[in-house]
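# One predicted model, sequence on top.
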Amino acid sequence: MSLFELEKTLSFDEYIATFDVERVAKVHDFVDWLAQYQGGLVHNPWGEVNSNLEIVTDGFDAAQVRRENLVAYLLPRLGRAKVFVVAEAVGYQGGRFSGIAITCERMLLDKHKTIRAKDVTPIRLERTSSPTSSLLKGTQQKDGFNEPTDTVVWSAIVEKGIDPYDTLLWNIFPFHPHKDGNPLTNRTPTDKEQQLGWEYTKRLLDLHIELGGVEPLVLAVGQKSADTMGNFGLSAIVLRHPANGGANLYRQGFAEAIDTYLK
């Protein structure tokens, strides 16, 4: 039995108990703070549930599951990660249902073609999208959501031979902005939303340092993310967004940044 197979038998609570109590409390406080946000045409994955799209059964709170997913993701990375990859906003095929930035459900369920669940956390996490919702496509009902950008970002990490636990993925606006009347869409966050998002990003970076981390290499997925961080004095290396034919350029830029700044 591999270490991953052994650790998969741990419950969330058992896994959390392997970490320092103070660390756990600080990460929980951060995630609980995220859960409080509400905004127009914005879904908060950690504080809100859409019963038309998500699992709704006794004893299952989709927002709580996503909070636990994020806590499990952050705990081993904060204070350790050398690279922060910061995209623009949560997408409906990614963090909207997984609760983890730039990470889709199929990765959590070990149903992704290239990224293993153990790369995300040592314990298997749960999906929250409904396998019976008529608003989901057949493959989404069966295997959960898959997001192309998430695949490119994670694959670049794995292909470069970087330990996934030395990287932390985030969004400058850490919630899901969507178009009016259609929650299964993405829209560009407004300037105000991006500025508001900086508060959460800054707190995450501060928490990383509080927990013993060094200043990370910050890579921005796209110009908007870089511009927002730059407006607040944080210089980030801009990578070509993987969308619209930019996947190879993203991988190339990621590899070059790693080679240049993490020798």
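On my side now, so go ahead. Bear in mind that the values here come from a model prediction, so they are computed numbers and not experimental data.
# just for this protein, where's the confidence low?
1-8, 263 (pLDDT under 70).
# Show me the strands in it, by range?
42-43, 83-89, 167-173, 176-177, 217-221, 237-239 (DSSP state E).
# I'd like the ones you listed written out as a markdown table, with mean neighbour count and distance to Ser134 added.
C-beta: built from backbone N, CA, C; applies to glycine. Below are the strands of the chain laid out as a markdown table (neighbours: other C-beta atoms under 10 Å; distance: least, C-beta to C-beta, whole Å):
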| stretch | mean neighbour count | distance to Ser134 |
| --- | --- | --- |
| strand 42-43 | 19 | 19 |
| strand 83-89 | 25 | 26 |
| strand 167-173 | 25 | 29 |
| strand 176-177 | 24 | 20 |
| strand 217-221 | 24 | 32 |
| strand 237-239 | 20 | 37 |
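# Distance of Glu147 relative to Ala72?
The gap separating Glu147 from Ala72 is 19 Å, by C-beta to C-beta, to the nearest Å.
# Quick check: Ala255 vs Ile157, distance?
From Ala255 to Ile157 the distance is 10 Å (C-beta to C-beta).
# out of those two, which sits in the more crowded spot?
Neighbours were counted for Ala255 and for Ile157 using other C-beta atoms under 10 Å; Ile157 has more, 20 against 13.
# Surely the more buried one is in contact with Thr167?
Yes - counting by C-beta atoms under 8 Å, Ile157 does reach Thr167; the two are 5.4 Å apart.
# Give the residues shared as contacts by the two.
Both Ile157 and Thr167 are in contact with Val85, where contact means C-beta atoms under 8 Å, 6 or more residues apart in numbering.
# Now tabulate the strands of the chain in TSV and tack on distance to Thr114.
What follows is these, written out as TSV (distance: least, C-beta to C-beta, whole Å):
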stretch	distance to Thr114
strand 42-43	27
strand 83-89	17
strand 167-173	16
strand 176-177	24
strand 217-221	18
strand 237-239	19
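# and the residue most central in space within the chain, how far is that from Val27?
For the chain, the residue sitting closest to the mean C-alpha position, by C-alpha atoms, centre = their mean, is Ala101 at 1.5 Å. Going from Ala101 to Val27 by C-beta to C-beta gives 15 Å.
# Equivalent analysis for Leu109, please.
Distance, Leu109 to Val27, using C-beta to C-beta: 23 Å.
# Same drill for those two, tell me which one is more crowded.
It is Val27, of Leu109 and Val27, that has more neighbours when counted by other C-beta under 10 Å, with 22 against 16.
# my guess is that one meets Ala72, correct?
No - using C-beta under 8 Å as the test, Val27 is too far from Ala72 to be in contact (9.5 Å).
# Tell me which stretches of the stretch 1-150 of the chain form helices.
Remark: helices assigned in the stretch 1-150 of the chain by DSSP state H, counting those that start in this stretch are 3-7, 12-16, 21-35, 62-74, 95-98, 105-108, 117-120, 138-143, 148-159.
# ditto for the stretch 151-263 of the chain
191-210, 223-231, 247-261.
# and those helices as a markdown table, adding distance to Thr151?
Converted to a markdown table, the helices of the stretch 151-263 of the chain look like this (distance: least, C-beta to C-beta, whole Å):
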| stretch | distance to Thr151 |
| --- | --- |
| helix 191-210 | 23 |
| helix 223-231 | 18 |
| helix 247-261 | 9 |
